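Novice: Fold the following and give me the result.
(one chain, ligands or ions: 1)
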Amino acid sequence: MLALAQAHETRARLMAAHDLPEDAFEIEVIKTTGDRILDRALKEIGGKGLFTREIEDALIAGEIDIAVHSMKDMPTIQPEGLVIDCYLPREDVRDAFVSRDYASISDLPQGAVVGSSSLRRRAQLAARRPDLQLVEFRGNVQTRLKKLEDGVAVATFLAMAGLSRLGMTHVSRGPIQPEEMLPAVAQGCIGVERRSDDARIAALLAPIADHDSGLRVAAERAFLAELDGSCQTPIAGLAVLEGENLWLRGEILRPDGSEVIAGERRGPVADGPAMGADLARELRNRAPADFFDWGDRVRAGASCAARPASDIPSGRPEKAGRFFTCGSVR
Ligand SMILES: NCc1[nH]cc(CCC(=O)O)c1CC(=O)O
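Specialist: Reported below is the predicted structural model:
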């Protein structure tokens, strides 16, 4: 599963950086509330960090020393005493188009049924192709592919990064360029969380931290934070490095895709967070008064449920929760 693959990747980088054997690291799998509750829609359960809270509690309690996260699913603020200052080299940031019968979005026939539970992807798709019919697609990558096979929908979207980490890029018809579908903030980036006062772990993580990844994600997450956004809001953002400069693009959408407000900033890399906040304010100022009235789903606080939601193996509760991966260092 994806989160376990991410823990393994982190461990492999730590082993290589420190010339340590595999058994120097213990991977502890933490099952969270979000994993356990499989019979209710996540929006009904509510609560921020549904899938990260227990992992962070374990970190604070000292039961684990390192938590490995998809930054795309992380709230913009970490709990007191914890810090994320180690970002791995970023994977492919793009979304993947997945379909047996059609090669691209524009190939989809009029009225085709597309599966996605991502508010962002749904809104972006609806903006481009209002004729398409959208259905909810929950479950991990395998579950979603099975739904395609079963004809529940003719196409879906997945992050290239997730497919790549699972060694499954072959299921994709190819990446969708950011110009066509701007990715989620921090998509493709693994972040490693630790206790702020743990100097030993800070030193352990330092050699595997990717500076460029950190700069890009800092700008994107500042944009998200200023919009008070989360992974369950139709917001997209992507920063890329251009030499000494950062190019940040951002976008907010109405859930039905009827309106898209986009903008960009270019500036010195050190100004990334300021650029992110500034771009967010610009987009907010350009948005009509009712634009942020995103409805029940968002108000219920199902904020950072996207990663886990997509990873819950529906109908197989005994396998749930294995992906909340925390490496405990001995
Ligand atoms: N929302 C779930 C989620 N969180 C992170 C990834 C992919 C890996 C990444 O973006 O780093 C995925 C799956 C997907 O969107 O297809």
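
Novice: L182 in helix, strand or coil?
Specialist: Secondary structure assignment for L182 (DSSP: H, G, I helix; E, B strand; the rest coil): coil.

Novice: Return, as residue ranges, the portions of the protein with sub-threshold pLDDT.
Specialist: In the predicted model, the chain carries pLDDT under 70 at residues 33-50, 229-233, 294-330.

Novice: if you set the cut-off to 80 instead, what comes out?
Specialist: Applying pLDDT under 80 to the chain picks out residues 31-51, 228-233, 293-330.

Novice: For it, just list every one of the helices.
Specialist: For the chain, the helices defined by DSSP state H cover 2-18, 33-36, 42-45, 53-60, 119-128, 141-149, 160-165, 199-205, 211-226, 272-286, 296-299, 306-311.

Novice: In CSV: the ones you listed, plus distance to the ligand and mean neighbour count.
Specialist: For every residue, glycine as well, the C-beta is placed using N, CA and C. Shown next, in CSV, are these (distance: least, Cβ to the nearest ligand atom, whole Å; neighbours: other Cβ atoms under 10 Å):
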stretch, distance to the ligand, mean neighbour count
helix 2-18, 6, 19
helix 33-36, 12, 20
helix 42-45, 12, 17
helix 53-60, 15, 20
helix 119-128, 8, 23
helix 141-149, 7, 17
helix 160-165, 3, 22
helix 199-205, 18, 16
helix 211-226, 11, 23
helix 272-286, 18, 18
helix 296-299, 15, 14
helix 306-311, 3, 24
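
Novice: The closest residue to E193 other than its chain neighbours: neighbour count?
Specialist: Closest residue to E193 apart from its sequence neighbours, by Cβ to Cβ, 6 or more residues apart in numbering: A67 at 4.2 Å. By other Cβ atoms under 10 Å, the residues close to A67 number 27.

Novice: Contacts only, for the closest residue to D197 other than its chain neighbours.
Specialist: Closest residue to D197 apart from its sequence neighbours, by Cβ to Cβ, 6+ apart: G81 at 7.4 Å. G81 sits next to 60, 195-197 when contact means Cβ atoms under 8 Å, 6 or more residues apart in numbering.
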